[in-house]
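Student: Pasting the sequence and the predicted model now:
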Amino acid sequence: MSEPIDWRTELSAVDRYATIQALQESLSNNSMSEAMSIEAAAYADSISREAYNAACKPQDTVPPSLHSEQTENEDPGVTIRGHANCRFISDGVTSEVYRTSENFALKVITSPNNMEPHNPQREIKVLNSLSHKTIIQLINTFRDEEQRLVLVFPFMPLTLATLLETGTPTKARTTTIFTDILNGLSYIHSIGIIHRDIKPSAILLKSADGPALLSDFGTAWHPEFSKSSEAPDNKILDIGTGPYRSPETLFVDKSYSTAVDMWSLGVMLAEAVTNPPKPPFESRPAHEDGNQLGLILSIFKTLGTPTPEIWPEAKNFRVSPFEMWNVFPSRTWTEILPTIDPEFRDIITKTVTYGGRATAADTLNHAPFSPK
């Protein structure tokens, strides 16, 4: 007798995320993390699709008397300068993001002063100067009741980070999403802009099938708008996030270029094609002591300790990567990620490398991103 087919094979990442969204909307605290926890437990423990559906059933099964009371007492959210019922989505170092009932995303700047490289006024200027289908559109700006600066964007229901939390995307989805990302990077790089914080949560998605849009330009470097605070050869080093940070910034290269974005993109692609999704490098939280040293060690253990021959640009770095380090053997991406699609691995090989990284424009000319 043949083995029964596991019901999970019929459940796509899109189905799972739709379930998570329905759960989130049904929860009294509207918590995405709680919804994801419930769904993950149901996915792991249920013996059938019917059991999974029952475990994830939205909370509309509450008796009518209790349901009506809960509706009346539901948290109305907050009002931000005429936008009622704004729901908190996320926060960062200098901002909080809310979703409005009109389906806008409000980025509220919570830091009263610029914390370079975070600069919302520069972010506004950069976004207003851009026009591309894969760059998030800045709709408007205003001051709220507390005189905090607010940036208004169209609301997008997904990020690449939330998509990856549901599992490894298909090759078709990954190709579509990363083609859009590369088109956005090629566009901003062609006019000298460095994003400086490419990561899955900065990639907004209209659906699991795309399109994808670059967002979060709060730390972007612009050749004109940044020149008064950061000269091209004296840029701020405290950029990037966790495992997506490029090695040249860790070794005090203040003349870094758009190549830092390409390293981040390659790391993000390696994460997206790994099952389950996971960045190839480990990084402690930024507030923990030794987080930079830990990331350096993880990169060296994974790729091998660099030499002047494979990273000639580093000969001029203020801190040398060639001295006082344990020597780890060099490893290829075929050894590191032996089971992934060869086309994706070739792109990772060309971008997550110490020197001579491929540009976004070059990468778009190679499979699987090249036009068919």
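Tutor: Received, thanks.
Student: only C-alpha atoms for contact and neighbour calcs from this point on.
Tutor: Fine.
Student: how near is Ala105 to Thr175?
Tutor: 27 Å (Cα to Cα, to the nearest Å).
Student: can you check Gln21 too?
Tutor: 24 Å.
Student: which stretches of the stretch 1-150 of the chain form strands?
Tutor: 78-80, 83-91, 95-99, 104-109, 140-143, 149-154 (DSSP state E, counting those that start in this stretch).
Student: now swap in the stretch 151-300 of the chain and tell me
Tutor: Under DSSP E, counting those that start in this stretch, the stretch 151-300 of the chain gives strands at 158-159, 203-205, 212-214.
Student: Only the buried residues of the last one, if you could.
Tutor: Within strand 212-214, the residues scored as buried using 16 or more other Cα atoms under 10 Å are 212-214.
Student: For the nearest residue to Asn114 once chain neighbours are set aside, list the residues it contacts.
Tutor: Setting aside the residues directly before and after it, Asn114 is nearest to Pro120 in space (Cα to Cα, 6 or more residues apart in numbering), at 7.4 Å. Taking Cα atoms under 8 Å, 6 or more residues apart in numbering, we find Pro120 in contact with 109, 114, 218.
Student: Would you mind measuring from the nearest residue to Ala367 once chain neighbours are set aside to Glu271?
Tutor: Residue nearest to Ala367 in three dimensions, not counting chain neighbours: Glu343, with 6.1 Å by Cα to Cα, 6+ apart. Here Glu343 is placed at a distance of 15 Å from Glu271 (Cα to Cα).
Student: Looking only at neighbour counts, state which of these two leads.
Tutor: Glu271 (19 against 13; other Cα atoms under 10 Å).
Student: what's the neighbour count on Ile20?
Tutor: If we define neighbours as other Cα under 10 Å, then Ile20 has 24 of them.
Student: According to the record, where do the domains of this protein fall?
Tutor: Using the TED database, the domain parsing of the chain gives 1-45, 78-154, 158-365.
Student: Identify, out of those domains, the most deeply packed stretch.
Tutor: domain 158-365 (a mean of 19; mean count of other Cα atoms under 10 Å).
Student: any idea how far Pro371 lies from Asn183?
Tutor: 12 Å.
Student: With Glu282 instead?
Tutor: Distance from Glu282 to Asn183, by Cα to Cα: 28 Å.
Student: Closest one of the contacts of Pro120 to Tyr17?
Tutor: Using Cα to Cα, Gly218 comes nearest to Tyr17 of those, at 28.0 Å.
Student: Please enumerate the helices of the stretch 101-250 of the chain.
Tutor: For the stretch 101-250 of the chain, the helices defined by DSSP state H, counting those that start in this stretch occupy 120-128, 160-164, 171-190, 247-250.
Student: for those helices, which one sits closest to Ser37?
Tutor: Closest approach to Ser37 among the helices of the stretch 101-250 of the chain (Cα to Cα): helix 160-164, 12.7 Å.
Student: packing partners for that closest one?
Tutor: strand 203-205 (3 or more Cα pairs under 8 Å, 6 or more residues apart in numbering; DSSP states H and E).
Student: wait, isn't the residue nearest to Ala367 in contact with Thr363?
Tutor: No - the pair Glu343 / Thr363 is not scored as a contact, 11.2 Å apart, by Cα atoms under 8 Å.
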